[in-house]
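> Sequence first, predicted model second:
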Amino acid sequence: MIYTVTLNPALDKTVYVDDFELDSVNRVRTHREDPGGKGINVSKVIRALGGDSRALALLGGATGAHIQEMLAEAGVDCWAFEVVGETRTNTKIVDEVRHTNTDVNEPGPTVGRQTLDDMLAVLSDTVEEGDVVVLSGSLPKGAPADTYRTWTLALKEAGAKVFVDADGEAFTLALEAAPSLVKPNEIELGAMLGRKLDTDEKVVEAARELVAQGIERVVVSRGGDGAALVDDGAVVLARSPKVKVGSTVGCGDSVVAALALANQRGLSPQDTMILATATGSANAMMTGTQPAPAQLVVELQPQVELA
Ligand SMILES: Nc1ncnc2c1ncn2[C@@H]1O[C@H](COP(=O)(O)OP(=O)(O)OP(=O)(O)O)[C@@H](O)[C@H]1O
Ligand SMILES: O=P(O)(O)OC[C@@]1(O)O[C@H](CO)[C@@H](O)[C@@H]1O
């Protein structure tokens, strides 16, 4: 089983504004709402690719209830844990004239330590040997900066493989618990290491540093340049297919979803990167945080070049 954990989910409200101008009244041409948050997006993409997962999420208020309803309609198994307060709404401003995507993310409600501890205890009692748990997205207010480190240690102890997609201090501290897989983008990884990762060699070298720290597999996503996989036995550089970009919001979540499915299906590192890169690029063609259809992923896979 694949579990995704979203401690700070969001209702994603995407508004389409042509020629967006600051300090002006901008008229929305159209808009959409999607259940969001990085872990929830991973579960949505897994579902779209024909897989199954359970999406654990801290949800509160009418917005939290709305997210649960939308996930049920989408056939995504949501395991909700109640939080006091209102789940946040994140606004994504898409300007298809200027080709810009601007996120305006609310902080979300404050979460109590006991709520987090209870959620971790229930999940630790539930996971079985070899299950994958994806920890993804920002930490909510009230969560200690080392939450992902604590969760990684406990879930590894319970026999799970832990995949972490985070940034900043939460990511750096999570590394101390040696999760099975991490998926930073090249900017996040470079920021953590204090250097630009602007060549294949620099990306591979940086990933190797994390493998040397005990991370089994590091996948560095590189936007339109694709992604790189490094583990003890393989280095796979995948080039993204050229696509007409709708919105890159959620592309990283799509990669993580494919990585979790590839692990479950026992794919080779090469086939893993073909699936992950095609899934990420398919998502880039979409707008909002709706998952790309599986057929589009299938069509893009032959266009992924491996180096
Ligand atoms: N412009 C693009 N053209 C083609 N594919 C893209 C483009 N941008 C992203 N992708 C695909 O999506 C994958 C992940 O993109 P990226 O590295 O931007 O992730 P990220 O920064 O973690 O995304 P997120 O916005 O979800 O945090 C890439 O490896 C690639 O496969
Ligand atoms: O505040 P975070 O957790 O860093 O990011 C939240 C978010 O922007 O990430 C997803 C796209 O990756 C969206 O569904 C959601 O609104």
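Ah, there it is. Ligands and ions are numbered 1, 2, ... in the order given.

> Only C-alpha atoms from now on, for both contacts and neighbour counts.
Noted.

> Touching, residue 280 and residue 252? I think so.
Yes. Look at residue 280 against residue 252 with CA atoms under 8 Å: they come within range, at 6.6 Å.

> Counting neighbours, go ahead and name the busier of these two.
residue 280 (31 against 28; other CA atoms under 10 Å).

> Could you check which helix or strand contains that one?
Using DSSP states H and E, the element containing residue 280 is helix 269-284.

> Say whether ligand 1 is contacted by that helix.
Yes. Residues of helix 269-284 contacting ligand 1 under CA under 6 Å from any ligand atom: 277, 278, 280, 281, 284.

> and what of stretch 202-211?
No. Stretch 202-211 is not in contact with ligand 1 by CA under 6 Å from any ligand atom; minimum separation 12.3 Å.

> Mind checking the pLDDT average for that stretch?
When pLDDT is averaged over stretch 202-211, the result is 98.

> So which residue is smack in the middle of this structure?
Closest residue to the average C-alpha location of the chain: residue 253 at 2.9 Å, with CA atoms, centre = their mean.

> my guess is it meets residue 42, correct?
Yes. Applying CA under 8 Å as the test, residue 253 and residue 42 come out as touching, 5.2 Å apart.

> Provide a list of residues in contact with the closest residue to ligand 2 within the stretch 201-307 of the chain.
For the stretch 201-307 of the chain and ligand 2, the shortest gap (CA to the nearest ligand atom) falls at residue 250, measuring 3.8 Å. Residue 250 sits next to 38, 41, 283, 284, 289 when contact means CA atoms under 8 Å, 6 or more residues apart in numbering.

> The last one is in contact with residue 249, isn't it?
Yes. Under the contact definition of CA under 8 Å, residue 289 touches residue 249, with a separation of 6.7 Å.

> so what sits against both of these two?
With CA under 8 Å, 6+ apart, residue 289 and residue 249 have no common neighbours.

> The two: which is more packed in?
residue 289 (29 against 19).

> Checking that one next. Helix, strand or coil?
coil (DSSP: H, G, I helix; E, B strand; the rest coil).

> Distance of it relative to residue 255?
Taking CA to CA, to the nearest Å as the measure, residue 289 falls 14 Å from residue 255.

> Identify the contacts common to the two.
Common neighbours of residue 289 and residue 255 (CA under 8 Å, 6+ apart) do not exist.

> Close to ligand 2: what parts of this structure are there?
8, 10, 12, 36, 37, 38, 90, 137, 138, 249, 250, 253.

> redo that, cut-off 5 Å
Selection of the chain residues close to ligand 2 by CA under 5 Å from any ligand atom yields 36, 37, 38, 137, 138, 250.

> Restricted to helices, list the residues you listed.
residue 38 (DSSP state H).

> now the residues of the chain next to ligand 2 in TSV, with distance to residue 178?
What follows is these, written out as TSV (distance: CA to CA, whole Å):
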residue	distance to residue 178
36	27
37	23
38	21
137	18
138	19
250	25
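
> which of the residues of the chain next to ligand 2 come close to ligand 1?
residue 250.
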